[in-house]
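>>> coordinates for the following, if possible.
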Amino acid sequence: MSLKTISRNIFLLGIVLAVFLVTFELLVRHKTVLKPLARGISQVKLQPLEPSSERINILEEDGKLRFNGWDKNVGDKYFINYRDAQNEYFSQKYSYMKYRAWNFVMVYMPHHIIQMPITNFWPACVTSVQIYPREDPTNLIKNRRIWESNPLNCANLDLNSVEWLNNTMIEEGDSKIQFQRQDNGKLRLTIRAPKIGFEADLKLDDKVVDDQFFLMPLTDDKQSYFANSKKFGIKAEGQYTYGGQTHQCKTEDHCLALYDNGRAQFTYHTNWFWASFTYHNSQLNKDISINFGDGIGTDYNPSDNQKFYEDFINIEGEMIKLDQTDIEYSEQDMMQTHKFKTTTINKAFKNRSCDLMFEPTGVAKDGIHIIVLGITQYLVYGFWSGFCEIDGLKIHFDKVLGTVEHVRARW
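Numbers count the residues shown, from 1 in each chain. Coordinates of the predicted model:
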């Protein structure tokens, strides 16, 4: 075969691939918008487990999720036997190819925000350290610095649990991220990222803070599922160096961390929003965090309406469950004001509600795409204002820095 023929065949193949991708995009575009869950769900809790020295598998032998609900501080009792999963596209032998795992960490400090996604999304792993200087909130995104690992270099996440290993680490050249469980129970976070001039040594006191753990079916056949643990308002102490300056995180600095550890076999199209902040409220002298979300689990519709979602507020380490949150925003322009309000339909927690506005200051767009697979994340930074009423306590928020994440994924 001549070189000319080979070149022509490659050219024709490129045209066919381009036409296929454009056609595919047009056919599935309507599925890449947020679809909220039906309102008035029961907010079902996990049933208490019998005392046992062994963790219990979350999947049946045929790959169906055994549980449905949320609770506090029980994630260490469950074993995510993800290799038993199966669905219409993947047998158990190849189910790991659809398994998604991440530990996402943020630390809010007076001068900077640290953001660290640590992921295992077959066939690639993406881990990064992102530093956001806080002195100019309008240019928070513009001024961020990023170190990112090689996508073939994976951290040793515990794929069978949403809990941290005693030593979770990724190392690449001179760069390293390490989470070590100390004898006193605290989680020591060590970061070395010389390419962006950043080092940190922080102790996260996460054992004294409630988490929300849940197991969520994503389809009626329960072959797709989502296991998650979120813990907000974690006190952080230590020091870090950035741009040649060393900063302290002492008790009076109110450095606070949050983490979101997820393990899932998602549906192909998965769209969600996740809204959060964590800060010290000086009026009440309490650490307060907010977690809102919607979009995941819309293809699971049980006849008894036994569903839940992950909305909560954390006050001084206590996780307090909330009903679903309605959101108003512009899909076409995420820099427009977002409005969040607790639903009034068939409330499960009648004395708890929030009414907040979010004013964006910038959008960080990140993602990874491999032909028909991919994920796009729009992480919107901005300021929260409004109020919550929680069991008789009224909490006012005035320009609290936080985020709203919009994700459009094809898994």
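
>>> tell me which stretches of the stretch 1-150 of the chain form helices.
Remark: helices assigned in the stretch 1-150 of the chain by DSSP state H, counting those that start in this stretch are 3-28.

>>> residue contacts, residue 338?
275, 327-329, 357-358, 360, 380, 382, 404 (CB atoms under 8 Å, 6 or more residues apart in numbering). The C-beta positions use only the backbone N, C-alpha and C, and glycine is treated the same way.

>>> hang on, I meant residue 67
Counting by CB under 8 Å, 6+ apart, residue 67 touches 46-47, 58, 78, 215.

>>> now those in CSV, with neighbour count and pLDDT?
CSV is the format used below for the contacts of residue 67 (neighbours: other CB atoms under 10 Å; pLDDT from 0 to 100):
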residue, neighbour count, pLDDT
46, 18, 97
47, 9, 93
58, 21, 97
78, 24, 97
215, 25, 98
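
>>> of all these, which comes closest to residue 176?
Within the contacts of residue 67, the smallest distance to residue 176 is 29.8 Å, found for residue 78 (CB to CB).

>>> surely that closest one touches residue 160?
No - taking contacts as CB atoms under 8 Å, residue 78 lies outside contact range of residue 160: 9.3 Å.

>>> mind showing which ranges of the stretch 101-250 of the chain have poor pLDDT?
Counting by pLDDT under 70, the stretch 101-250 of the chain contains no low-confidence segment.

>>> for it, just list every one of the strands.
Listed in chain order, the strands of the stretch 101-250 of the chain (DSSP state E, counting those that start in this stretch) span 112-121, 128-133, 145-148, 167-172, 175-181, 187-193, 198-204, 211-217, 225-242, 245-249.

>>> deepest of those strands, which one?
Of all these, strand 211-217 has the most neighbours on average by mean count of other CB atoms under 10 Å, namely a mean of 24.

>>> residue 317: which of the contacts of residue 338 is nearest?
Lowest distance from residue 317 to those (CB to CB) belongs to residue 275, with 20.4 Å.

>>> sec struct for the closest one, please.
Here residue 275 is recorded as strand under DSSP: H, G, I helix; E, B strand; the rest coil.

>>> kindly state the beta-bridge partners for it.
Here residue 275 sits in beta bridges with residue 292, residue 404, going by DSSP bridges.

>>> likewise for residue 124?
Beta-bridge partners recorded for residue 124 (DSSP bridges): residue 121.

>>> circling back to that earlier point, using PyMOL, define a selection of the buried residues within the contacts of residue 338.
Selection command for PyMOL covering only the buried members of those, criterion 16 or more other CB atoms under 10 Å:
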select buried, resi 275+327+329+357+358+360+380+382+404
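
>>> which of the contacts of residue 338 fall in strands?
Among the contacts of residue 338, the ones falling in strands (DSSP state E) are 275, 327-328, 357-358, 360, 380, 382, 404.

>>> next one: residue 238 relative to residue 115, how far apart?
From residue 238 over to residue 115 the distance is 17 Å, taken as CB to CB, to the nearest Å.

>>> give the buried residues for the helix or strand residue 385 falls within.
Assigned by DSSP states H and E, residue 385 belongs to strand 373-390. Neighbour-count burial for strand 373-390, counted by 16+ other CB under 10 Å, picks out 375-384, 386, 388, 390.

>>> what about the stretch 301-411 of the chain, any weak spots by pLDDT?
Across the stretch 301-411 of the chain, residues meeting the criterion (pLDDT under 70) sit at 367-374, 410.

>>> at 90 instead, please
In the predicted model of the stretch 301-411 of the chain, residues 303-305, 331-332, 364-378, 407-411 satisfy pLDDT under 90.

>>> what sits closest to the residue nearest the centre of the chain if chain neighbours are left out?
With distances taken as CA atoms, centre = their mean, residue 260 lies nearest the centre of the chain, 4.9 Å away. Spatially, and ignoring its direct neighbours in sequence, residue 260 is nearest to residue 104 (4.5 Å; CB to CB, 6 or more residues apart in numbering).

>>> in the sheet, who's paired with that neighbour?
For residue 104, the beta-bridge partners are residue 117, residue 260 (DSSP bridges).

>>> residue contacts, it?
116-118, 259-262.

>>> can you add distance to residue 314 and give these back as a markdown table?
Output for the contacts of residue 104, formatted as a markdown table (distance: CB to CB, whole Å):
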| residue | distance to residue 314 |
| --- | --- |
| 116 | 20 |
| 117 | 21 |
| 118 | 22 |
| 259 | 12 |
| 260 | 13 |
| 261 | 16 |
| 262 | 18 |
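
>>> what's the closest of these to residue 100?
Among the contacts of residue 104, and counting by CB to CB, the member closest to residue 100 is residue 262, at 7.3 Å.
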